[in-house]
Every structure is written in C-alpha cells, then in structure tokens.
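**Student:** sequence unknown, structure follows:
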Ligand SMILES: NC(=O)C1=CN([C@@H]2O[C@H](COP(=O)(O)OP(=O)(O)OC[C@H]3O[C@@H](n4cnc5c(N)ncnc54)[C@H](O)[C@@H]3O)[C@@H](O)[C@H]2O)C=CC1
Ligand SMILES: O=C(O)C(=O)[C@H](O)COP(=O)(O)O
C-alpha cells in the first residue's frame, strides 16, 4: 500500500508504517503525478484536494485531512468517486482557544488596560469558539456568542445576532469555517461595512480563515480607525498575505494558532483511527504513548495570580511575542510564511503544566482554564 502524506504531519511513522510505503510530500506543491498510484492520501490545509489533483488516482481508498477546516477539500468530488474522507474535528480546538486567550492578555498588557471587565464576542461557537469561551469564562469574562446554525439546531446556550454581538463586544474573535454557500456564508463576513461598525477601541482577532475578513477593506478601515487593534493568525491569500496589512496588526502569526504538539498529534491520530476502521483493522496504538510526558516540574503558586501574573504564567507556555517577531522577519523571504510553519516549534497546551497551590484557596479557576493542578 502506498500512503502519500504531508511532511508536516507528526507521528506518521509510528502510526502508519505497518501499512506500507510512506511517501512524505510538500503538501502546498503536491501534484497529480505523485498521487496517481496512491492508496491513501493524508493532507493538511495547504493541499487543494479536487478533481485536478485526483482524476488519475484510481487506487485511492481514503483521503484524510489532519485539520478541523475542510475548505481545501472538494468533498462532493470525493463522494462522487466513493472515496471515503475524514478530517479531524476538534483536534486543535484547545490550542486555538488558548492562543486567542493569550493574545487578549497580550493586548491588554500592551495597551496598559485589563482584559478583566471587557465583553468578548465569539463568532462561531463550535469547537474552537467554545474552547476560547471556556478560557474566558474560567477567568470571569463576559462572552457573547453568535452561531445561527447552532441556535437553530437547539443548542441551549444563549446566542445573539451578529449585529448585536458587534454592537456589544469590546473584543471580537472569529471562529467560523470558510463557506461561500448556504444560509450563513462566512466569506467576507467582516466586510467594510461590518468592520466600520466595530465598537470604538475594539480588538478584532481572526484565528479561523483569512477570507472571513475582507483584508483589503480591513486596510482601508484601519487607516480611518486606528483605535481598532488587530490580531491575525490567518490571512487572505496565504501564503502571501498583503504586506501592507502586517504593520497594522498588533500580533501577527502565520496560521499557527492550532499548532500545539497535542493538537497536531490528535489530528494525525484521528486519521489513523478513521483509516483503520475503513481497512477493518484494529486501531490498537495509543496517542498518550506517542506524546512526550507533561512537564514533570510543577510550578508552585501561593495565591490567585493577578492579570500580569496570569500573563507571565501563559508566557511560560507560549510567548506570542516571539512568533510575532519571527513572522515579521520571515516575511521578507518569499517562502517565509511556509518556512516558519514548517519549522514551528510546537507549543504545549496549558494542561502540560502542573500548578500547585502552596498558599491558600481561590485558584480553582486555573484548572478550569486548562492547567493541570495539584490541590488547586
Ligand atoms: N488558525 C488555525 O490554526 C486554525 C483554524 N481553524 C479554522 O477555524 C474554523 C472553526 O473551527 P471549529 O470551531 O473547530 O469548527 P466547528 O465546526 O466546531 O465550529 C464552527 C462553528 O461556526 C458556526 N458557523 C458557521 N457559519 C457561521 C456564521 N455565518 N456565523 C456564525 N457562526 C457560524 C457553525 O455553526 C459552527 O458551530 C475551522 O473551520 C478552520 O477553518 C481551525 C483550527 C485551527
Ligand atoms: O485545523 C485547521 O483547520 C487548521 O487551520 C490547521 O491548524 C492548519 O494547519 P495546517 O493543516 O495548514 O498545517
């Protein structure tokens, strides 16, 4: 069996080697010839999976994407060929939620204000939006959720319309799939008109797909509205973001919000489970056995941290400033965006750090935030 696999997928050898020959490829530039005799194709978000790529791949038994998003996959085409497809819903949701939470703490620190007391609007309340909401609620932040599809499906949480969210939120964080069709398409959901209605001093974060914001309009609006502060992990036209947009952004990263070690590992592992089910073979390997141990040193805290101390704790896990600095330098190189993603040193999730409360009580919220705890 020949498995064509994106070279940026960790743990492929231990999970798939028993099935046959693994051919690791640069997913951005994968061509039809390389997949022509493949039995299995495992991709990430940078590979367009469509008829152009697969028309000659007659042996294909399975396509998997180790991602949450599926906008790069022509699922109707795969269905028309009866090729089973799986993605990895939720695999890196914790990573995205923690990234957005940390970014908000960083913004508060940079502008000498407090995250505490602000209202955060979350557009899209699925896996990543809910992961962010959990962090925010653990820290006592008021959230507004907009998700017309979940509202219609009977989700019991309280939802508001997008207009209400934008009118009421000091911070807006985007967590929707990229869609062009249906009742609630998200392509340019934040167009010029919508961007202009953001509250004075609003912070806008995009960790989902670049094209959910009209980036050209964002440049125009930002010129008129310097009060708006931006965090962008995703960009229209990746891997070539509009270079004039980058200096307007407070924290800029190359689509790595979901790049925790755990998140990437879960993505590969979910495809392993899906493929084994299709091949009718036991999926007897363990994800926990693949991952490195949690950090074995624990951090003692004597009292509930204030916001500055919380930011320090978060920076211990992930210092967003480092990636932002690297990104701005890397962009000078034409392949910088993808190079930085390829060589990214995956961060751990909050749960990798064990906190111990040596002083008193009142720190339970840190375990709700995601940290592992001893006596919290
Ligand atoms: N920056 C990164 O590294 C990552 C980006 N993503 C992106 O984030 C997207 C969301 O991920 P998840 O939360 O896990 O997906 P999900 O499918 O669990 O949740 C998305 C939610 O958005 C809602 N939605 C759809 N259209 C909407 C609209 N017009 N307005 C409001 N809500 C709408 C859906 O009902 C759904 O509940 C993915 O599709 C992917 O494109 C995901 C993981 C990592
Ligand atoms: O899961 C998703 O959806 C994502 O956006 C991924 O985290 C993006 O990572 P790559 O698949 O491009 O490595």
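**Tutor:** Arrived safely. Please read these numbers as outputs of a predicted model, since none were measured by experiment. Ligands and ions are numbered 1, 2, ... in the order given.
**Student:** residues contacting whichever residue of the stretch 1-150 of the chain sits closest to ligand 1?
**Tutor:** Of all residues in the stretch 1-150 of the chain, residue 126 sits closest to ligand 1, at 1.8 Å by Cβ to the nearest ligand atom. Any C-beta I mention is one placed from the backbone N, CA and C, and that applies to glycine too. Contact analysis of residue 126 by Cβ atoms under 8 Å, 6 or more residues apart in numbering lists 147, 150, 175.
**Student:** what are the buried residues along the helix or strand hosting the second one?
**Tutor:** So the one you mean is residue 150. Using DSSP states H and E, the secondary-structure element containing residue 150 is helix 148-152. By neighbour count on 16 or more other Cβ atoms under 10 Å, the buried set for helix 148-152 is 150, 151.
**Student:** close enough to count as contact, residue 104 and residue 204?
**Tutor:** No. Residue 104 lies out of contact with residue 204 (Cβ atoms under 8 Å); the separation is 11.3 Å.
**Student:** so what sits against both of these two?
**Tutor:** residue 171.
**Student:** quick one, strands of the stretch 101-250 of the chain?
**Tutor:** 119-123, 142-146, 171-174, 203-206, 229-232 (DSSP state E, counting those that start in this stretch).
**Student:** turn those into CSV, including distance to residue 339.
**Tutor:** CSV is the format used below for the strands of the stretch 101-250 of the chain (distance: least, Cβ to Cβ, whole Å):
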stretch, distance to residue 339
strand 119-123, 31
strand 142-146, 36
strand 171-174, 26
strand 203-206, 22
strand 229-232, 18
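**Student:** ok, now which ones touch the closest residue to ligand 1 within the stretch 251-376 of the chain?
**Tutor:** Ligand 1 sits closest to residue 258 of the stretch 251-376 of the chain, with a gap of 3.0 Å, by Cβ to the nearest ligand atom. Listed by Cβ under 8 Å, 6+ apart, the contact partners of residue 258 are 67, 68, 91, 92, 93, 95, 96, 99, 128, 207, 264.
**Student:** please repeat the previous calculation with a cut-off of 7 Å.
**Tutor:** With contact set as Cβ atoms under 7 Å, 6 or more residues apart in numbering, residue 258 has these partners: 92, 95, 96.
**Student:** what does residue 103 give?
**Tutor:** So residue 103 contacts 205, 231, 251, 320 (Cβ under 7 Å, 6+ apart).
**Student:** the nearest residue to it once chain neighbours are set aside - how many residues pack around it?
**Tutor:** Spatial nearest neighbour of residue 103, chain neighbours left out: residue 231 (4.5 Å); criterion: Cβ to Cβ, 6 or more residues apart in numbering. Neighbourhood size, residue 231 [other Cβ atoms under 10 Å]: 26.
**Student:** and residue 231, bridged to which residues?
**Tutor:** Beta bridges link residue 231 to residue 205, residue 251, judged by DSSP bridges.
**Student:** is it in contact with residue 250, as I believe?
**Tutor:** Yes. Counting by Cβ atoms under 7 Å, residue 231 does reach residue 250; the two are 6.0 Å apart.
**Student:** who touches both of these two?
**Tutor:** residue 107.
**Student:** quickly note the distance from the closest residue to residue 108 other than its chain neighbours to residue 347.
**Tutor:** Nearest non-adjacent residue to residue 108, counting by Cβ to Cβ, 6+ apart: residue 115, 4.3 Å away. According to Cβ to Cβ, to the nearest Å, residue 115 and residue 347 sit 20 Å apart.
**Student:** what residues does the stretch 251-376 of the chain put near ligand 1?
**Tutor:** Within reach of ligand 1 by Cβ under 6 Å from any ligand atom, the stretch 251-376 of the chain has these residues: 255, 257, 258.
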